[in-house]
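A.B. asks: Attaching a predicted model along with its sequence, questions to come.
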Amino acid sequence: MNIFEAYNSIKKALEGAGIEDYVFEAKQIIKHITGFSSTEILMNYTKELTEFQSNNLTAILKQRELRYPLQYIFGEWSFYGRDFYVGPGVLVPRADTETVIEVCTDYLKDKTESKILDLCAGSGCIGITLSKEKEDSVCLMVEKYPEAMRYAEKNITRNKAENAKVISGDIFCGAGAEEKYDLIVSNPPYVAEEGDIEVSPETKYEPETALLGGGDGLKFYRAITENYKDSLKEKGMLCFEVGIGQADPVKEILNAAGFTDIGTKKDLNGIERAVYAYK
């Protein structure tokens, strides 16, 4: 089987498994098993797969057809142009979250020596990305669970983020709140536990602790707003990632806490994904 034939076979298998973005994933799998870039794939599309590559492809498809996350299969994933280690015990980095990065980098662009706090940090993709995009800043990441912390530590090393560090702590106890920050950012668990929970099949493999946000999905937003408002400098910004339909209730939480200039930013699908406000 050559690369072109393998690509078509992968697309068919993924589409049959109900995977919506099967074309994109087929390209990623071909890149992964061959080690080729997109340009190299086009130049070598008639090249035969080796026995090792074919066996690797078979193993990947068996897992993916069970809807095991492709990011976990690869053990890494790209986020905002950088590669991050991921796996069971940590939430998969998603393109939606890049909307939060855009809001934060726009806020930080004219600031110098900013102090950033990333709560519920998980793999560290938000905090590390911000620390790399704004290298005169310092970023403290707070993560409660040891499994996720290990990924964050590995990703700090992998991305040479010398101005970022992660500590173990609970946001409900105000971990990291002792300092004053220019920016506090969080992608907290926000899946509501009440009613029917509509999530993709892949999320059953992700940690519930990184997904479930209480009865209405808003308990982390309330806790962070209450516990960390005093940790923001004057005119400092608090920025959240939110789930579908959560922008308005999160704006209400921020408004009730006295935040001003509350705004939102939509992701590429037109969903209000980032909610931000100023102290």
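C.D. replies: It's in.
A.B. asks: who's in contact with V23?
C.D. replies: By Cβ atoms under 8 Å, 6 or more residues apart in numbering, V23 lies in contact with K11. The C-beta positions use only the backbone N, C-alpha and C, and glycine is treated the same way.
A.B. asks: which residues of this protein score low on pLDDT?
C.D. replies: Where the chain drops to pLDDT under 70, the residues are 194-199, 210, 212-213.
A.B. asks: Now do the helices in it.
C.D. replies: 3-16, 22-34, 38-43, 51-65, 70-74, 98-108, 125-133, 146-158, 219-228, 247-256 (DSSP state H).
A.B. asks: Let's have the ones you listed in a markdown table, adding distance to S186.
C.D. replies: Below are the helices of the chain laid out as a markdown table (distance: least, Cβ to Cβ, whole Å):
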| stretch | distance to S186 |
| --- | --- |
| helix 3-16 | 33 |
| helix 22-34 | 28 |
| helix 38-43 | 34 |
| helix 51-65 | 30 |
| helix 70-74 | 21 |
| helix 98-108 | 9 |
| helix 125-133 | 8 |
| helix 146-158 | 14 |
| helix 219-228 | 6 |
| helix 247-256 | 11 |
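A.B. asks: Nearest approach to L117 belongs to which of those helices?
C.D. replies: Closest of those to L117 is helix 219-228, at 7.3 Å (criterion: Cβ to Cβ).
A.B. asks: How far off centre is that closest one?
C.D. replies: With Cα atoms, centre = their mean, to the nearest Å as the basis, helix 219-228 stands 20 Å off its chain's centre.
A.B. asks: what does stretch 171-181 give?
C.D. replies: 21 Å.
A.B. asks: tell me the domain ranges of the chain?
C.D. replies: With domains defined by automatic domain parsing, the chain comprises 3-66, 76-278.
A.B. asks: Mean neighbour count, the ones you listed: which tops it?
C.D. replies: Of all the domains of the chain, domain 76-278 has the most neighbours on average by mean count of other Cβ atoms under 10 Å, namely a mean of 19.
A.B. asks: For K265, give me its contacts.
C.D. replies: Contacts of K265 (Cβ under 8 Å, 6+ apart): 99, 102-103, 272-274, 276.
A.B. asks: how far away is it from Y276?
C.D. replies: Distance of K265 to Y276, computed by Cβ to Cβ, to the nearest Å: 7 Å.
A.B. asks: Now do the shared contacts for those two.
C.D. replies: V103.
A.B. asks: Which residues does stretch 152-163 contact?
C.D. replies: Residues outside stretch 152-163 that contact it (Cβ under 8 Å, 6+ apart) are 82-85, 121-125, 127-128, 131-132, 135-139, 141, 143, 164-166.
A.B. asks: Same question for stretch 64-71.
C.D. replies: 13-14, 16-19, 25, 28-29, 73, 77, 86, 92-93, 200-202, 204-206.
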